[in-house]
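Trainee: build me a structure from this.
(2 chains)
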Amino acid sequence: MKTLLFILVMVIGLVGCGQSANDIGAPEIFYGQDVCDECSMIISDVRFAAATIDLNGNIHKFDDIGGMVVYHMDHPESQVRAYFVHDYNTQVWLRGETAYYVHSPQIQSPMNDGIAAFADEASAQAFAAQVRGTVKKFDELRVYVHLVLHSAP
Amino acid sequence: MNTPGAVACKQLKWRVHFKCLYGLGVLLVWALFGSASASAAERLIVSPQGPYTTIQAALSAAQAGDTIEVRGGVYTGNLVLDKSVILEGTPGSVSGQKPTLDAGGRGTVVTINAPDVTVRGFEIRNSGSEPDQDHAGITVNAPRALIEQNRLDEVLFGIFVAEGPDSIVRANDITSQARYESGRKGDGIRLWYSPRVTLENNHVHAARDLVIWYSQGVRIINNLIENGRYGVHLMYSDDSLIANNRLLNNSVGIYAMYSKGVELVDNDVRDQRGPSGYALGFKDTDNVTVENNLLVENRGGIFLDGTPFTPNSFARFENNILAFNDVAVTAMPAVKRVEFTNNTFWENIEQMSVHGGGGSPDANTWQGNFWSDYTGLDADGDGRGDTPYVAEKLFENMTDRMPILRVLLYSPAAQAIEFAAASFPIVKPRPKFADPAPRLTPAPLPATTQPPADTRREMVAASLMLLMIAAGAIVIAKRDKPMIESDSVPKPTAQSLPAAHRTAELAQAVVCAESVGKTYGKTRVLNDVSFCVEAGQALALWGPNGAGKTTLVKAMLGLISFQGNIRIKGLQVRQQGKKTRGFIGYVPQLTMFYDWSVQTTCEFYARLKHVPAARVPQLLQQLGLAPHASKSVTALSGGQKQRLALALALLADPPILLLDEPTANLDSAARAEFVRLVDDLKRQGKTILFASHRLEEVEALADRVLWLAENQPMRLMDLEEWRALVSPAVELTLWLGNEQRERASAFLNAQGWDAHLNGRGTIVVRARAQEKIRALKLLEANGFVVDDFQVERQTEVE
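Mentor: Take a look at the predicted model:
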């Protein structure tokens, strides 16, 4: 019995240690209360709200997807373990690394970054056609923000 | 043959002819076009009775430059102005109401697509409400629009100037759709790629933000913006002027980002209490000038992140008043090169916070600011403190790193931590910054401060000014040595009062001090001062200059830190200073006033204290100022000014009056009049504490006296004991006839006097100086004839 208990504890411990980034839950954002870590403005619009959890377990919250990307460009000390964005249509959390992004000046986001996220490529393409935008994967988005948005108008 | 002279003559004639022809041509062009265009500027009337019954019909008929006058009525639909017309609403002759433009809940109410359009005098309502659309009351898509004197209600966005350079938005009343919470509403005013726009005299309320994005050279002047989210959100907009606005009760006041050349002047920003709650915030902004603003009762006064942003740029904060904010200035650790000069930091819970801790104390410049918690002195009288103001509280250091701890500020835990920091150098906090020569008096109010019309800005300003003037005296307690704050935790007991007595007094006391002490450096100004004052009693604070009277007054007002406890109506001054001050009417030695009339001054403070205006004439009457109500305060005599100060202190009918040598600068007649007034107030039940070193005031007013003297223990005494201490004794020598002498001596002794025969045919009476005449009168009243008298000897009583 003691052996079984020991094994159980070890298994639970190993499972805990082996938890991957995919298992991390999205943080909770208190809309109208929480403040964006990048621009210090109040986070109000769930469609564009984003968050990250870094390797130290710190949670960062953002009012705009562009702000999330910019923040981590400017803060290399905060290495990201997981990115989170909201699906523009359903407003559920998505992992930022695997989402599809539409950029268009017609998308009025809180900081006018004009970026919306989608869970699947088809939804992103449909929305891009609607707003005359372009669809990007996460790495493309980071490059785009770095080269275009972050260099200011 | 043409001689040179003839050729020249012909050329001259041609020039004359050409000039005449040119002049005729210009006249012809003016006649054809100029007069034609003048005749085209017509006025088309739209009203339910015609001639045009729809605005659209009039617009179809109109030419550029025409005026379309809309008289009363409700006009539905989405109006698109694609001609340069003036659309002017005039109130209906029957209803007296502005004409209404109503989009029926669909799209934008008025869209301006032509330059130089004016929209004036309408009620504009019911735009579409889908939050991801830009439905607005008025959308401007063309330059030089003039939007004025409209009322916009139930619109998602109010006025959306989308590429409308050089437009003017003036004197509009704007609110968003009431059914949405603030984040989902539209912006009251939004400027988008619209340079050189002027926003002035608008009232924007219960909308989301006032947004200025991608618009250079914008002027935002004299607007009232309240109950929204971001009062003004400026982004990518250079060379902006934001002046004379009032921002009340928004989540955030003015937030500027990614802009260069932002000037904020004479704004009143109060009660921004949202989650970040900054009155002013700056993110990556360059060349910032912030002057003469009032930042009052906000969660944060000023927030700085990446400002100034680029090298060789600046951020200057000068002559601002930051008062009663949770944190006056919050800066990110990397912020540097910011200049704070001549600002007034008044009773903010925390004066400066470095977000997340860290930052270099020398990163920014602090020069000549007034700090209400500064406790140094000005020995050389140059108006600047002789020791630096240093922000270095340990608990504040902790709250900077963990803002959640801020709720514990002023708690026993925080006090204990500060005590630990003071006692054990190992945990000494790191200074956040130092102001090497702080001001000892607050910065002057902005010159633009005017008597109130319908504004509370000036009321707050002047109230602060009064308080600050009072506080100025705190630090001018003349001492020979440098004064460094070294107060620690309170002592537990009041040794000067027997325990039973103290318990009884505590139960009835309105004001109660226990073991109050105050030390500047090695100089003890107050030492173990304890007393209680019951309702309706008057306590005199008696002692020479430098005895600590004013220090004690400031401690009772909660304006300085001190050892021990002071309770006002049971509340600890140290912890609930704002509340306890509400129980006190305070009259300083000298009150400074603006050049307003007595009436205006009183009304001003009445509004500030939420006192009905009807109280003003009543008080003026009571204090004998009614005949002077229309006089300028500067024309009043010293005594009248102090009576006015007393009137202001009495406005809210406080139960306690605290007077700090209020007659110090008055002549004897004015003094007597002032004392009479205070005596009346005492009879009406006010509890009075007054500092004085005038015998007649104490005699007239006090029930008890708190005797303060430098380097001596305090003494609390009744009036009789005080008289004995202050009055010199005299030996009065009386000459009476032989037949009466012995009987007179016996009579005086029988009446309680100290009298004896001295063997030289006279009676000697020992008495207090002020009573000698009473001895004479008593004898005469009882049939004795005093032939002569002489004051033989006068000695100070121990």
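
Trainee: name the nearest residue to the residue of the stretch 351-500 of chain B found nearest chain A, ignoring sequence neighbours.
Mentor: The nearest approach of the stretch 351-500 of chain B to chain A comes at B:H355, 9.2 Å away (C-beta to the nearest C-beta). Just so you know, the C-beta spots here come from the backbone N, C-alpha and C atoms, and that holds for glycine as well. Once flanking residues are discounted, B:H355 sits nearest to B:M332: 5.2 Å by C-beta to C-beta, 6 or more residues apart in numbering or on different chains.

Trainee: isn't that neighbour right up against B:T307?
Mentor: No: the criterion here is C-beta atoms under 8 Å, and B:M332 misses it with B:T307 at 9.0 Å.

Trainee: more neighbours: which of the two?
Mentor: Neighbours were counted for B:M332 and for B:T307 using other C-beta atoms under 10 Å in any protein chain shown; B:T307 has more, 28 against 17.

Trainee: contact partners for B:A691?
Mentor: B:540-541, B:549-550, B:552-553, B:659-661 (C-beta atoms under 8 Å, 6 or more residues apart in numbering or on different chains).

Trainee: check which helix or strand it maps to.
Mentor: strand B:687-692 (DSSP states H and E).

Trainee: and the residue of chain A found nearest chain B, how many residues sit next to it?
Mentor: Using C-beta to the nearest C-beta, the closest approach of chain A to chain B is made by A:S44 at 3.0 Å. Other residues lying near A:S44 total 21 when counted by other C-beta under 10 Å.

Trainee: that one contacts A:D64, doesn't it?
Mentor: No: contact criterion C-beta under 8 Å: A:S44 and A:D64 do not qualify, at 10.8 Å.

Trainee: anything in contact with each of the two?
Mentor: Contacts common to A:S44 and A:D64, judged by C-beta under 8 Å, 6+ apart, are A:P110.

Trainee: related to what we said a few turns ago, quick check: mean pLDDT across the strand holding B:A691?
Mentor: Computed over strand B:687-692, the mean pLDDT rounds to 92.

Trainee: show residues contacting whichever helix or strand comes after that strand.
Mentor: Later in the chain than strand B:687-692, the nearest helix or strand by DSSP H and E is helix B:695-701. Helix B:695-701 has contacts (C-beta under 8 Å, 6+ apart) with B:538, B:540, B:542, B:663, B:671-672, B:675, B:678-679, B:682, B:688, B:690, B:692, B:705, B:719, B:722-723, B:726.

Trainee: buried sites along helix B:695-701?
Mentor: B:697-699, B:701 (16 or more other C-beta atoms under 10 Å in any protein chain shown).

Trainee: looking at those, spot the one nearest chain A.
Mentor: Set against chain A, the nearest of the buried residues of helix B:695-701 by C-beta to the nearest C-beta is B:L701 (53.7 Å).

Trainee: for the closest residue to that closest one other than its chain neighbours, give me its contacts.
Mentor: Leaving aside its chain neighbours, B:L701 sits nearest to B:A538 (5.0 Å; criterion: C-beta to C-beta, 6+ apart). Neighbouring residues of B:A538 by C-beta under 8 Å, 6+ apart: B:682, B:687-690, B:701-704.

Trainee: buried among those? Make that a ChimeraX selection.
Mentor: Those of the contacts of B:A538 that count as buried under 16+ other C-beta under 10 Å are selected in ChimeraX with:
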select /B:682,687,688,689,690,701,702,704
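
Trainee: one step back: give me the buried subset of the contacts of helix B:695-701.
Mentor: B:538, B:540, B:542, B:663, B:671-672, B:675, B:678, B:682, B:688, B:690, B:692, B:705, B:719, B:722-723, B:726.

Trainee: count the residues that sit near the residue of chain B found nearest chain A.
Mentor: Closest to chain A within chain B is B:G183: 3.0 Å, counting by C-beta to the nearest C-beta. By other C-beta under 10 Å, the residues close to B:G183 number 18.

Trainee: measure it to B:A746 for me?
Mentor: Per C-beta to C-beta, to the nearest Å, B:G183 is found 94 Å from B:A746.

Trainee: same question for A:Y71.
Mentor: 100 Å.

Trainee: ok, the two, which is more surrounded?
Mentor: It is A:Y71, of A:Y71 and B:A746, that has more neighbours when counted by other C-beta under 10 Å, with 20 against 12.

Trainee: in space, what's closest to the more buried one - neighbours in sequence excluded?
Mentor: A:E38 (4.1 Å).

Trainee: can you pull the contacts of the one you found?
Mentor: Contacts for A:E38 were tallied using C-beta under 8 Å, 6+ apart; they are A:62-64, A:67-68, A:70-71.

Trainee: show me the helices in chain A, by range?
Mentor: Applying DSSP state H to chain A gives helices spanning A:2-17, A:65-74, A:121-131, A:138-147.

Trainee: give me the helices and strands touching the second one, please.
Mentor: What it means is helix A:65-74. strand A:50-54, strand A:59-62, strand A:80-86, strand A:115-118, helix A:138-147 (3 or more C-beta pairs under 8 Å, 6 or more residues apart in numbering or on different chains; DSSP states H and E).

Trainee: gap between that helix and the chain center?
Mentor: 10 Å (C-alpha atoms, centre = their mean, to the nearest Å).

Trainee: what does chain B have sitting close to chain A?
Mentor: Applying C-beta under 8 Å from any C-beta of the partner chain, one finds that chain B approaches chain A through B:132, B:134, B:181-184, B:213-214, B:229-230, B:233, B:235-236, B:251-252, B:255, B:257-258, B:274-276, B:281, B:283, B:303, B:305.

Trainee: would you mind checking the residues you listed for buried ones?
Mentor: Here, 16+ other C-beta under 10 Å leaves B:134, B:182-184, B:213-214, B:229-230, B:233, B:235-236, B:251-252, B:255, B:257-258, B:274, B:276, B:281, B:283, B:303, B:305 buried among the residues of chain B next to chain A.

Trainee: just to revisit the earlier point, let me have the contacts of B:A691 in JSON lines, extended by pLDDT and secondary structure.
Mentor: Below are those laid out as JSON lines (pLDDT from 0 to 100; DSSP: H, G, I helix; E, B strand; the rest coil):
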{"residue": "B:A540", "pLDDT": "93", "secondary structure": "strand"}
{"residue": "B:L541", "pLDDT": "92", "secondary structure": "strand"}
{"residue": "B:K549", "pLDDT": "87", "secondary structure": "helix"}
{"residue": "B:T550", "pLDDT": "83", "secondary structure": "helix"}
{"residue": "B:L552", "pLDDT": "90", "secondary structure": "helix"}
{"residue": "B:V553", "pLDDT": "88", "secondary structure": "helix"}
{"residue": "B:L659", "pLDDT": "91", "secondary structure": "strand"}
{"residue": "B:D660", "pLDDT": "87", "secondary structure": "strand"}
{"residue": "B:E661", "pLDDT": "84", "secondary structure": "coil"}
